[in-house]
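**Student:** Sharing a model that was predicted from the sequence below.
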Amino acid sequence: MPKKYKVVYDREGCIGFGGCAAASPFWEMVEDGKKADLLGAKKNKAGFYELIIDEKDFSKNKDAAEICPVKVIKIFDLETGEQVV
């Protein structure tokens, strides 16, 4: 069974740098150009956006997380809950 991850995004903390959208097809800048959206994500009770991804999509989202200058994109191993990025 393929490994799964949870991408957690603090949209409120986003500064609109746009590197995530350039690095990954999972991300896009919204029309006003001020914040990024994590496509397909759902807002959780804490106000963060979450998306469950398969192992095949990990590297694309890892690139987005690593390029973010304010580190508002985190990735967790879904099985262990450990933050991996």
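**Tutor:** Looks like it arrived, so ask away.
**Student:** which stretches of this structure form strands?
**Tutor:** Using DSSP state E, the strands of the chain run over 4-9, 27-29, 36-38, 42-43, 49-54, 73-77.
**Student:** Parallel or antiparallel, which strands does the second one pair with?
**Tutor:** Going back to what we said before, that points to strand 27-29. Applying DSSP bridges, strand 27-29 is found paired with strand 36-38 (antiparallel).
**Student:** Show me how far the partner strand is from its chain's centre.
**Tutor:** Centroid displacement of strand 36-38 relative to its chain, using CA atoms, centre = their mean, to the nearest Å, is 8 Å.
**Student:** got the buried residues for it?
**Tutor:** Ala36, Asp37, Leu38 (16 or more other CB atoms under 10 Å). C-beta coordinates here come from the backbone N, C-alpha and C atoms, glycine included.
**Student:** list the contacts for Ile52?
**Tutor:** Residues in contact with Ile52 (CB atoms under 8 Å, 6 or more residues apart in numbering) are Lys4, Tyr5, Lys6, Val7, Leu78.
**Student:** doesn't Lys62 make contact with the fourth one?
**Tutor:** No. Because the distance of 9.5 Å does not satisfy CB atoms under 8 Å, Val7 is recorded as not touching Lys62.
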